[in-house]
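In: need a structure here:
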Amino acid sequence: MTQMCSIPHSVLAIVLVGTFASQGTAQSVPTVTGSLHQLVGELTGREYFLRHPQKDPRPYIEPSFALTTLYRASRHIAGGNVDEAARLAKQVDCEVVRFVDKDTKQDYVLLREDLDTLTEPRGWGSYLYNPRGEVSALVEAPHPIDDSNSAKVASMVFAEGAKGLLLAGAQRDKADVPDLVDSVFHQVHVAWTEAMGRVAVWQIHGFALEKHPFPRNAKAILSTGGGDVIDEIVELNDRFTDRGLDSYAFNRLKPTNDLNKWVNQGTPGLRFSSLAATKNEQGKHLRSVGGTFVHVELERSVRGDVDQRRVAAEAIAEAMRGSADRKAASEDEKPPKRTTQRPRRSPRA
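Out: I've put the predicted structure just below:
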């Protein structure tokens, strides 16, 4: 039955109370319909997102009291238990919503702060899960405003079949989530990567070329955070380059190493240490459990141009799908050992 809903957002063209069928069980949560990309714009807009302290007096609220609850809610979302996720989220003034993209008819599960029960957002972020996503990967945008338009790129990549999209809820001066373990962003990251097993995370950032001693043609800087050059880095580097976006990769190989020569045209990988993401907590977590972390820095001119954003997103999505296909093929050939941690992949000589 159609009814008025208290979610007052322009992106929500239709608001229904319906059922969300997942894994054969009917789940009863609010259902909204709209544009995925407009939704992402609203979730990173002023209503939900805390700006720089000089422009926005609203404080970031440290979420330690809610982390366990939202971790559990996130695990239930990944497991298809949406009703239980909604019950848990409500305990800490968050909500679970079924979101249907009006153009693709794709269903998503959205976890966000409940602005009907809060006087203002706390900066905890918003999280979309695709229960029918065919690509075992997450896409993360930890700096939607600081790295302008990075959330737009991330949402385009996510729409190509990834399981999850993570959007931070505050600018880095209030909460720099790549540096925080005790954040909702990190706990959702942990919950969803644990649920998916051999997952890859593609984290989208941005840089301004004039602030770094990089080659003048650099449009993208890639890294795993660990200093190695894995297949995902090579493939994404190639896909960027094929599209006219010159790409480089942080690594600790010798400049004369064939792999470094391939991704960096012989430029030393350590030249890109300022964007290496070696202290990134999401990357550290994935490396500790044998997952794959790809840190993607896009130059400002790429993020600022509609066509180049689309080209960059296409390249990332293709590399993301290729990574998932390789992992699936590898698992079919040889089941992975039951272990909580696998050795980190070594650089290829």
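
In: Mind checking the pLDDT average for the one helix or strand L110 maps to?
Out: According to DSSP states H and E, L110 maps onto strand 107-113. With pLDDT averaged residue by residue, strand 107-113 scores 98.

In: Give me the sheet partners of it and which way each runs.
Out: strand 94-101 (antiparallel), strand 126-129 (antiparallel) (DSSP bridges).

In: so of those strands, which one's packed in deepest?
Out: strand 126-129 (a mean of 27; mean count of other CB atoms under 10 Å). Every residue, glycine included, has its C-beta placed from N, CA and C.

In: what about the stretch 201-349 of the chain, any weak spots by pLDDT?
Out: The model of the stretch 201-349 of the chain has pLDDT under 70 over residues 332-349.

In: hmm, try it at 50
Out: 335-349 (pLDDT under 50).

In: the inter-axis angle of the helix or strand hosting H37 versus strand 107-113?
Out: In this structure, H37 sits in helix 36-43 according to DSSP H and E. Calculated by axes from the mean of the first three to the mean of the last three CA atoms, to 10 degrees, helix 36-43 forms an angle of 0 degrees with strand 107-113.

In: Contact partners for A315?
Out: 236, 239-240, 242-243, 245 (CB atoms under 8 Å, 6 or more residues apart in numbering).

In: picking that back up, touching the strand holding L110 from outside, list them.
Out: Contacts to strand 107-113, defined as CB under 8 Å, 6+ apart, come from residues 20, 29, 36, 39, 43, 48, 70, 73-74, 77, 82, 85, 89, 93-101, 121-122, 124-132, 169, 188.

In: Contacts only, for the most centrally placed residue in the chain.
Out: Nearest to the geometric centre of the chain sits E140, at 1.3 Å (CA atoms, centre = their mean). Contacts for E140 (CB under 8 Å, 6+ apart) come out as 154, 165-166, 185, 189, 201-204, 282.

In: same deal with T256?
Out: So T256 contacts G266 (CB under 8 Å, 6+ apart).

In: Pull up the gap between it and H143, please.
Out: Separation of T256 from H143 (CB to CB, to the nearest Å): 35 Å.

In: With R112 instead?
Out: Counting by CB to CB, the gap from R112 to H143 is 18 Å.

In: repeat for S247
Out: 20 Å.

In: neighbour count winner among the two?
Out: S247 (26 against 21; other CB atoms under 10 Å).

In: Quick check: phi and psi on the closest residue to T292 other than its chain neighbours?
Out: Residue nearest to T292 in three dimensions, not counting chain neighbours: A200, with 3.9 Å by CB to CB, 6 or more residues apart in numbering. For A200, the backbone dihedrals (degrees, to the nearest 10) come out as phi -120, psi 140.

In: do the one 3 residues further on as well
Out: Here is the backbone geometry of Q203 (degrees, to the nearest 10): phi -100, psi 120.

In: Now it: closest residue in space, sequence neighbours ignored.
Out: Nearest one to Q203, counting by CB to CB, 6+ apart, is E140 at 4.3 Å.

In: quick one: the one you found from T193, how far?
Out: 11 Å.

In: what do the two both touch?
Out: V201.

In: in stretch 209-226, what's buried?
Out: Residues of stretch 209-226 classed as buried: 209, 212, 214, 218-226 (neighbour count, 16 or more other CB atoms under 10 Å).

In: Please apply the same query to stretch 246-255.
Out: Buried residues in stretch 246-255, counting neighbours by 16+ other CB under 10 Å, are found at 246-253.

In: go on, stretch 285-295?
Out: 285-287, 289-295.

In: on that earlier part again, assumed the residue nearest to Q203 was part of a helix.
Out: No - per DSSP: H, G, I helix; E, B strand; the rest coil, E140 lies outside any helix segment and is strand.

In: if I look at it, how far off is V29?
Out: In this view, E140 and V29 are 24 Å apart by CB to CB.

In: The stretch 1-150 of the chain: helices as residue ranges?
Out: 36-43, 67-79, 82-91, 150-158 (DSSP state H, counting those that start in this stretch).

In: Would you mark the buried spots in the shortest one?
Out: By neighbour count, and taking 16+ other CB under 10 Å as the criterion, the buried residues in helix 36-43 are 36, 38-43.

In: go on, the second one?
Out: Using 16+ other CB under 10 Å as the burial criterion, the residues of helix 67-79 that qualify are 67, 69-78.

In: What is the nearest of those residues to Q106?
Out: I77 (15.7 Å; CB to CB).

In: ok, for that closest one, nearest residue in space, not its chain neighbours?
Out: I77's closest residue in space is A85 (CB to CB, 6+ apart), at 4.7 Å.

In: hang on, M156 packs against R310?
Out: Yes - counting by CB atoms under 8 Å, R310 is a contact partner of M156 at 6.9 Å.

In: Grab the longest helix from the protein for me.
Out: helix 306-333 (DSSP state H).

In: which element is N237 on?
Out: helix 231-242.

In: what two of the buried residues of stretch 246-255 are the furthest from one another?
Out: D246 and R252 (21.3 Å).

In: Tell me how far the closest residue to G304 other than its chain neighbours lies from L88.
Out: Nearest residue to G304, sequence neighbours excluded (CB to CB, 6+ apart): N149, at 6.5 Å. Distance, N149 to L88, using CB to CB: 33 Å.
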